[in-house]
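>>> I would like the atomic coordinates for the input below:
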Amino acid sequence: MNLSVKKLELTRIPFASRSNYLAFVADMPKDEFGVEGETIYLTFTYGMSSGITRWDIIKVEPIYNGQVLPYTYTATPSLLVIESTRGNIEICFEGKDNVLFRTTAEGLGIHFSLKFMPHELFLDRLDGTVYTSLKNIGEFLFENPGGKLEHNGMWIGPMMQSRPCYVNYLPGPSGRVEGYIHHAQSGVNRPGKLAPFDECVSKTKKDFEEFCKIYDFDVSEKYQEAKMLAIYAIWQCYIIVPLGDFPANVMYMMRVGMLVRAMGWHTTYQAVAAAGNIDQAIEYLYSNTPFMDEYGQIPDGLNDTFSDMHCTKPPFQGFAWEYLEKRYGPDKITKAHCEKLFEPMKRWVNWWRTFRDIDGNGIIDYVHADESGWDDSSIFSKGMPIETPDSSAFLILMLEMLSKMARKLGRDNEADAYMADAKKMLDDLIKIFWNGEKFVCRMVGTHEVIDFESIAMYQPIILGKRLPQEIIDKIAAKLEDPASFFSEKDGGLYSESQKSPYFSIGTAFMMGRMLAPVQFMMALGLYNAGKKDLALKIARAFCDWTMEKGLTVMEVEIPESEKDPLSIVPQSFVPGCGWISWSGAIFLSLARLLKEAA
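Next up is the predicted model:
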């Protein structure tokens, strides 16, 4: 598995920059003889609430004497090079909405291919430029200054759209091409003076190198290249040039695909991974809070076109806060940090306690499975709403976080009240959900017990040594059992016990698959609980699995016998979305744990 930023695999992760909304991915189509060959596409980072986005917007190929040439490519964080026998095409980003192209050999040109949906337009502007207007994406302007531009664009009346067409950038008097594509949401015009190509490459390279300093910690030598790729996965998803009027920078899960959005609980994973820079870690925790609704709900996911408020994600920020405190000591978390986070986190906790405690008994409920992060877990098999031990564990850490911030802000009465609430919730968690052998869930109102073998039942281990030793020991024993949850070869802990009738790695998301966030929670929770050997065993299994599979959040190679046409898990993926920022943060956190423990 190639995990190097010196040769990015664009079928799995895009060539992209955090300061530009355009990106490049590679598909692996088969030709008429069944031979696979990678094809490069210019794409655009945008998200739809439906999750459906287009990625194959503009195909890019080398052309020489009217013939499209076969090619290979090399991509780094700052430069994409398409390599042919007649020379290379070099590609970089300029500003937030331009891509620059140049060729390195005389006679070599660039061939762009486009296809259209009804009412989409390709137009020659008769001023040396052409442009296309695409639904939900915007407009692209093509220009090849100093060279020739030719196309075969044509409107098809009966189909009410432009026909599939090409645009060629061909050399002028210099024998080479230096052109650009400019994007705008509407009313596209020439972008004005563009920065020189080499200057743009240097600027992007420097930005990535500066971003790497946030993650200035050691990992084992065998994980070093994967560490750099994980940082790249995070960097290109940390959107600092949103299209809309955004009050904060946000971390998208991916740049292309069905989840081009900042998820409600990913900020915690990112904050832990960025623990080498406490200011950035606090900024990650804050980033989604400006998008709260009037009552304090954080969106399930958001981007610059929508905020998804149909549900939310777990209140996980207290876990990151405790991690930062243990790493730096409480004095490194400043009053300014607390002033930034206290009010939004207070509103966030109040939302859970007000709107997710339906029967008013002080126990937090889930009314939508996505709110747990484990969308189709077996714990939801009897319906909704339910009371779960993991939701209480999350709130306990949040209440303690609020108590500590309030104390630092001089609000001692609030600090005492929040800590008392946390202690009561911990007592209730054990009294209500622990049956002597394991945690269980129960239905709201009837209190019917829900006893399945989901990993969610063991999630209270994130509370560490707050739990009685007997509970810690029994959780650890069950998790380490290779007949139940642990599998070294499959990357750590299954999301459902192998003994469960629901166990499957093919028909669902959370019914057995190895999931990166499960390894994160359970390894760090066990480590805090004193079960360090097991924690490191899980972390090592996951990191080694990542070296084999890449920065994926879960295993995507489904055995034919397990495939299900009704599965909620996509069984094919959009090019460029396999390796994502979520998995990058988890790998960094666990690889760092392994090194420090060693």
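
>>> CA only for contacts and neighbour counts going forward, please
Fine.

>>> Which residue is the nearest non-sequential neighbour of residue 595?
residue 219 (5.2 Å; C-alpha to C-alpha, 6 or more residues apart in numbering).

>>> check contacts around that neighbour.
227, 591-592, 594-595 (C-alpha atoms under 8 Å, 6 or more residues apart in numbering).

>>> which ones are touching residue 149?
128-129, 143, 167-170.

>>> Sorry, slip of the keys, the one I care about is residue 380.
369, 386.

>>> next one: residue 471
Residue 471 neighbours (C-alpha under 8 Å, 6+ apart): 437-438.

>>> Could you confirm it falls within a strand?
No - read with DSSP: H, G, I helix; E, B strand; the rest coil, residue 471 is helix and lies in no strand.

>>> And the helices in the chain?
Taking DSSP state H, the helices of the chain run over residues 197-212, 224-235, 266-273, 278-286, 317-328, 335-355, 389-408, 412-433, 469-480, 516-528, 532-549, 581-597.

>>> Distance to residue 155 and mean pLDDT for those - can I get that in TSV?
Below are the helices of the chain laid out as TSV (distance: least, C-alpha to C-alpha, whole Å; pLDDT from 0 to 100):
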stretch	distance to residue 155	mean pLDDT
helix 197-212	34	98
helix 224-235	40	97
helix 266-273	45	96
helix 278-286	47	96
helix 317-328	53	94
helix 335-355	52	98
helix 389-408	56	98
helix 412-433	65	98
helix 469-480	62	98
helix 516-528	48	97
helix 532-549	45	97
helix 581-597	41	97
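
>>> from these, which stretch is densest packed?
For the helices of the chain, average neighbour numbers computed from mean count of other C-alpha atoms under 10 Å are highest in helix 266-273, which has a mean of 26.

>>> Can you dump the C-alpha atoms of that helix in CSV for me?
Once non-C-alpha atoms are left out, helix 266-273 reads as follows in CSV (Å, rounded to 0.1, in the frame of the first residue of the first chain):
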residue,chain,number,x,y,z
HIS,A,266,-15.3,15.0,14.3
THR,A,267,-13.9,18.1,16.1
THR,A,268,-13.1,15.9,19.1
TYR,A,269,-11.0,13.4,17.0
GLN,A,270,-9.2,16.4,15.4
ALA,A,271,-8.6,18.1,18.7
VAL,A,272,-7.0,15.0,20.2
ALA,A,273,-4.8,14.5,17.1
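
>>> Now do it against helix 581-597, angle only.
Relative orientation of helix 266-273 versus helix 581-597 (axes from the mean of the first three to the mean of the last three C-alpha atoms, to 10 degrees): 30 degrees.

>>> re the thing from before, can you put the helices of the chain in TSV and add distance to residue 108?
Compiled in TSV, these are given as follows (distance: least, C-alpha to C-alpha, whole Å):
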stretch	distance to residue 108
helix 197-212	18
helix 224-235	31
helix 266-273	43
helix 278-286	45
helix 317-328	52
helix 335-355	54
helix 389-408	58
helix 412-433	67
helix 469-480	59
helix 516-528	44
helix 532-549	37
helix 581-597	36
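
>>> Of all those, which one is nearest residue 43?
helix 224-235 (16.8 Å; C-alpha to C-alpha).

>>> And for the closest one, what's in contact with it?
With C-alpha under 8 Å, 6+ apart as the criterion, helix 224-235 contacts 3-5, 13, 17-18, 77, 208, 211-212, 215, 219, 251, 547, 551, 579-585, 587-588.

>>> mind checking the end-to-end distance for stretch 367-378?
For stretch 367-378, the first-to-last residue distance is 15 Å (C-alpha to C-alpha, to the nearest Å).

>>> Please state the offset of that stretch from the chain centre?
Mean C-alpha position of stretch 367-378 versus that of the full chain (C-alpha atoms, centre = their mean, to the nearest Å) differs by 18 Å.

>>> show me what contacts the most centrally placed residue in the chain?
Centroid-nearest residue in the chain: residue 253, 2.1 Å away (criterion: C-alpha atoms, centre = their mean). Residue 253 is in contact with 237, 259-263, 266, 580-582, counting by C-alpha under 8 Å, 6+ apart.

>>> repeat that with 6 Å
Contacts here follow C-alpha atoms under 6 Å, 6 or more residues apart in numbering; on that basis residue 253 touches 261-262, 581.

>>> same check, this time on residue 65
Neighbours of residue 65 in contact, by C-alpha under 6 Å, 6+ apart: none.

>>> picking that back up, mind putting the contacts of residue 149 in CSV, pLDDT, neighbour count and distance to residue 40 included?
CSV is the format used below for the contacts of residue 149 (pLDDT from 0 to 100; neighbours: other C-alpha atoms under 10 Å; distance: C-alpha to C-alpha, whole Å):
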residue, pLDDT, neighbour count, distance to residue 40
128, 96, 14, 25
129, 97, 18, 23
143, 98, 22, 19
167, 98, 21, 15
168, 98, 23, 15
169, 98, 29, 16
170, 98, 26, 19
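
>>> Tell me where the stretch 101-250 of the chain has strands.
Assigned by DSSP state E, counting those that start in this stretch, the strands in the stretch 101-250 of the chain fall at 108-114, 121-124, 129-134, 138-143, 148-151, 155-156, 161-162, 165-170, 178-184, 238-239, 250-251.

>>> For those strands, state which one has the densest average packing.
strand 250-251 comes out most buried of these by mean count of other C-alpha under 10 Å, with a mean of 28.

>>> what sits up against that strand?
237-239, 262, 287.

>>> again, 8 Å this time
Applying C-alpha under 8 Å, 6+ apart, the contact partners of strand 250-251 are 234, 237-240, 261-263, 266-267, 284, 287-288, 581.

>>> likewise stretch 397-404?
So stretch 397-404 is in contact with 315-319, 321-322, 342, 345-346, 349, 414-419, 421-422, 463, going by C-alpha under 8 Å, 6+ apart.

>>> Please dump the contacts of residue 219 into a markdown table; it should also carry distance to residue 476 for every row.
What follows is the contacts of residue 219, written out as a markdown table (distance: C-alpha to C-alpha, whole Å):
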| residue | distance to residue 476 |
| --- | --- |
| 227 | 28 |
| 591 | 21 |
| 592 | 22 |
| 594 | 19 |
| 595 | 22 |
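
>>> Residue 156: which of these is nearest?
residue 227 (49.8 Å).

>>> got TSV for the strands of the stretch 101-250 of the chain, with distance to residue 365 too?
Shown next, in TSV, are the strands of the stretch 101-250 of the chain (distance: least, C-alpha to C-alpha, whole Å):
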stretch	distance to residue 365
strand 108-114	49
strand 121-124	50
strand 129-134	43
strand 138-143	42
strand 148-151	59
strand 155-156	55
strand 161-162	50
strand 165-170	54
strand 178-184	44
strand 238-239	32
strand 250-251	27
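
>>> nearest to residue 310, of these?
Comparing the strands of the stretch 101-250 of the chain by C-alpha to C-alpha, strand 250-251 comes nearest, at 19.7 Å.

>>> mind checking how far the closest one is from the chain centre?
9 Å.

>>> Okay, now the sheet partners of it, with direction.
Strand 250-251 sits in its sheet next to strand 238-239 (antiparallel), going by DSSP bridges.

>>> distance between the partner strand and the chain's centre?
10 Å.

>>> Let me see the mean pLDDT of that strand.
The average pLDDT for strand 238-239 rounds to 89.

>>> residue contacts, the residue at the greatest distance from the centre of the chain?
Residue farthest from the centre of the chain, counting by C-alpha atoms, centre = their mean, is residue 173 at 45.4 Å. The contact partners of residue 173, taken as C-alpha under 8 Å, 6+ apart, are 146-147.
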